[in-house]
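S.K.: okay, predicted coordinates and the sequence, questions at the end:
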Amino acid sequence: MHQIQCKCGAVKGQLNKIGTSNRLICYCTDCRAFAHFLGKAPFVLDEQGGTEIVQVSQQHLFFYQGENLISAVRLSENGMIRWYAACCGTPIGNTMASRKASFIGLIHSCLDRQQMDKDFGADVAILNTDTALGQAKLKQRGLMGVLVRFIWIVVTNRINGRYKNSPLFNSSGLPRVTPKILNTDELDKLKSAV
């Protein structure tokens, strides 16, 4: 079990089981734009603009307080759904628009930092380094392992039907809240922020 909480404590939840997981730092411009959208870049991004993420099955995620405070945004019409606590702007995680892709990439800022090595392992993949900030570019590592585990999470949950047990999607398979969709100008502004 791993505790999940927003910065102000109004939203609380837990992973009832960890199962297969990926731990990674993503340096893509979309992850960076999400942090800027929330006004939380200093708390979410590392010095080169990376976001630490843990990918797990959505079925293991459970909210026991403040579920009504969870909001969502999409950086574009076809973008991922990026979930956050509306009370304080703490990012929670990223999902695909369909619950059939049953993973969630939980953002480190809602996780228990002291338990991350124990619960998710100390091995952290480094991805999308071509868009990292700064002169000294990081070397990408761990992509193949991340892909294998990601496929395992999605395929096994699809086969056993557990993808339907998401706290973020309703029984019809729609997001529990309607995500705000950013327009091109809004996204360009966020991506140009450093």
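M.R.: Received, thanks.
S.K.: so what's the most centrally placed residue in the chain bridging to?
M.R.: When C-alpha atoms, centre = their mean is applied to the chain, the residue found nearest the centroid is residue 93 (2.7 Å). Here residue 93 sits in beta bridges with residue 83, residue 106, going by DSSP bridges.
S.K.: distance check, the residue of the chain positioned farthest from its centre against residue 20.
M.R.: Farthest-out residue of the chain from its mean C-alpha position, per C-alpha atoms, centre = their mean: residue 135, at 26.5 Å. Applying C-beta to C-beta, to the nearest Å, the value for residue 135 to residue 20 is 36 Å. The C-beta positions use only the backbone N, C-alpha and C, and glycine is treated the same way.
S.K.: after the helix with the most length in the chain, which helix or strand is next?
M.R.: Secondary structure of the chain per DSSP state H: the longest helix is helix 143-160. Counting by DSSP states H and E, the element after helix 143-160 in chain order, helix or strand, is strand 180-181.
S.K.: so which elements touch that following strand?
M.R.: strand 70-74 (3 or more C-beta pairs under 8 Å, 6 or more residues apart in numbering; DSSP states H and E).
S.K.: so the residue farthest from the centre of the chain sits in a helix?
M.R.: No - judged by DSSP: H, G, I helix; E, B strand; the rest coil, residue 135 forms no part of a helix; its state is coil.
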